[in-house]
Each structure stands twice: as structure tokens, then as C-alpha cells.
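Participant: Below is the sequence, then the predicted model.
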Amino acid sequence: MGFLAIDIGNTRLKWAVFDLGHPGARLQAQGAVFLEHIDTLAEGDWRTLPAPEGMLGCNVAGDAVRKRVEEQLELWDIPGRWVASGPKGGGVLNGYDHPGRLGADRFVAQVGARWRCLARGHRGPVLVVMIGTAVTVDAMDADGRFLGGLILPGHGIMLRALEGGTAGLRVPTGDVVDFPKNTSDALTSGGTYAITGAIERMHRHLSAHCGQEPRTVMTGGAGWKVSPSLDIPHELVDALIFDGLLVLQAERAGSFPGSGN
């Protein structure tokens, strides 16, 4: 009865096998590979796993990468099924001007965050933050309506932009400090404060809009770098995309009452 969840980002593919395709399911195995190593999955990490009965994935890396993953899924002869953003799903109402253009990862992360918050008794607004190659900061009201969000570059893109546009900034990564006194610390602190400043501003916008302080949920491979410098209460979640995929899988199977709107 295993269920395979796949999260393909801009840099890595993360996968997890659960005993059921339902939120709260027990994790049985997990792993991650860089995108250039996808073609080793069937003969490597997946070779000894029992065949899952189904899968659902989230992909932001394009069709070519998706096809490479589907070739690896031939190991178990299961079809690839992928989330596409729509008007609603998993308890989230998609308020984007063109709902289908919302990144699938942002949509799935919102579904996962809403489920986590409701499961813990929070029925107010939610701020969903993903820290990766890019950074997204998305706002949902208490009814699960996606109000809008920010997209900004992650640390790596910021540093590469500075290296490409200026001279003399190719220096080792520094520390986040209040008053940087060297270029390494200035670069690292500047990037971190740009990201946390955007998060805190959206937190203020959402609080004012809803008349209630939102719960902030952060995820992404670089979340641990930003979390210590964020001056608002927040929860750092490693597998928010997987939470969302499990909710959407259960909804598709008709076994998740109340998830839709």
C-alpha cells in the first residue's frame, strides 16, 4: 500500500515513501538527489524499495526533467502523476489572477501548511515561506484563500548577481551580524536581511488585512539559514511539500473529508 511522493525543485529531487497516501501517514523511506543524478534512481536509491501502488509529484524543473523521472518510475510500472495548480484543492482557494500560472510548489506548500495548521487547532491566516533557489512568501486568510505572495531571489542568486555586476566581491561566505565590518559578513547579512525583511513585511500586511496575526510556516532547503534571523514566531518544517502531496492524494481518492472548498 506504499505511496511515493516526489518534490522536484530547481536544484534537487526529494522523494519519500509513505505507508498510505493520506496526511499523517507513516514515513517508510526517503532520499534526495541533485537533478543531474536523477537517472541513477532506478538502479540506486529505489532499487531495493517495495513497489509503491501509486505516486504524486510536484515539479518546477520543466518537462525534460519530468520525463527523466518518469523513465525511472518504469522500475515499478507505475504512471507519473503530477500536480497542476488549479482554482482550488486541498482546502486552498487559489486567488492568483491566472490560477494555472501559480507555481505547483507554491500551491502544494500552501495545502500542506493549511493542513498542518488546522491539525494543530489554528484556524486563522497562514503565511507560507519557502527558502530555496528562489524565495516565496505567500499569504492565506482564515478560509484558506490564497491572497497573493512575493517572489525574490535566494542567497545564491543574490551573491551571483553581485559577483557578476561588481568587482572585488568574490569572497567566502560570512556570518549574519548586526553591524558587518567585513565584505563577507556584509554580503551574507545583506542577503539574509533582504529575505527576512520581505517575510516580516508580508506578515504585517496579512495581519492588517485579516485583523489577526498569522501562523508562519517556513520550509525549503535553505530555511535553516534564515530561520535564526527571522524576528517573528514561525515553524520550520522540512517536508511541507510532502504534507501537501499527501492531502491532495487523499482528496483525489475521496478519503479526506472537508479538504475541498
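Facilitator: Everything's here; your move.

Participant: hey, let's count contacts and neighbours off CA atoms from now on
Facilitator: Noted.

Participant: Identify all contacting residues around the helix or strand of the chain with the lowest mean pLDDT.
Facilitator: When the helices and strands of the chain are compared on mean pLDDT, DSSP states H and E, helix 155-165 comes out lowest with a mean of 86. Contacts made with helix 155-165 from outside it, assessed by CA atoms under 8 Å, 6 or more residues apart in numbering, are listed as Thr133, Ala134, Leu169, Arg170, Leu187, Thr188, Gly191, Thr192.

Participant: for the residues you listed, which one is nearest Arg116?
Facilitator: Ala134 (23.0 Å; CA to CA).

Participant: give me phi/psi at that closest one?
Facilitator: Backbone torsions for Ala134, taken as degrees, to the nearest 10, come to phi -110, psi 170.

Participant: heads up, I number from 28, so please use that
Facilitator: Done: numbering now begins at 28, and the last item shifts to Ala161.

Participant: circling back: buried residues in the helix or strand following the least confident helix or strand of the chain, which are they?
Facilitator: Taking DSSP states H and E as the definition, the helix or strand that follows helix 182-192 towards the C-terminus is helix 210-237. The neighbour-count check on helix 210-237 (16 or more other CA atoms under 10 Å) flags 210-220, 222-223, 225-227, 229-230, 233-234 as buried.

Participant: Let me see the mean pLDDT of helix 210-237.
Facilitator: Confidence for helix 210-237, expressed as mean pLDDT, is 96.

Participant: same thing with stretch 111-125?
Facilitator: Throughout stretch 111-125, pLDDT has a mean value of 95.

Participant: again with stretch 61-80
Facilitator: The pLDDT scores in stretch 61-80 average 95.

Participant: How about the contacts made by the closest residue to Arg128 other than its chain neighbours?
Facilitator: Nearest residue to Arg128, sequence neighbours excluded (CA to CA, 6 or more residues apart in numbering): Ser112, at 7.2 Å. Taking CA under 8 Å, 6+ apart as the definition of contact, the neighbours of Ser112 are Pro126, Gly127, Arg128, Leu129, Gly130, Ala131, Phe134.

Participant: Any figure for the gap between Ser112 and Gly176?
Facilitator: Going from Ser112 to Gly176 by CA to CA, to the nearest Å gives 15 Å.

Participant: got it, and Cys144?
Facilitator: Look at Cys144 and Gly176: by CA to CA, they are 19 Å apart.

Participant: got it, and Gly51?
Facilitator: 27 Å.

Participant: just Phe45 next, same as before
Facilitator: Spatial separation of Phe45 from Gly176 under the definition CA to CA is 30 Å.

Participant: Looking at the two, which has the bigger crowd around it?
Facilitator: When Phe45 and Gly176 are compared on other CA atoms under 10 Å, the one with more neighbours turns out to be Phe45, at 22 against 17.

Participant: Can you list phi and psi of the more buried one for me?
Facilitator: Dihedral angles for Phe45 - degrees, to the nearest 10 - are phi -120, psi 160.

Participant: now it, nearest residue through space, not along the chain?
Facilitator: Spatial nearest neighbour of Phe45, chain neighbours left out: Leu54 (4.5 Å); criterion: CA to CA, 6+ apart.
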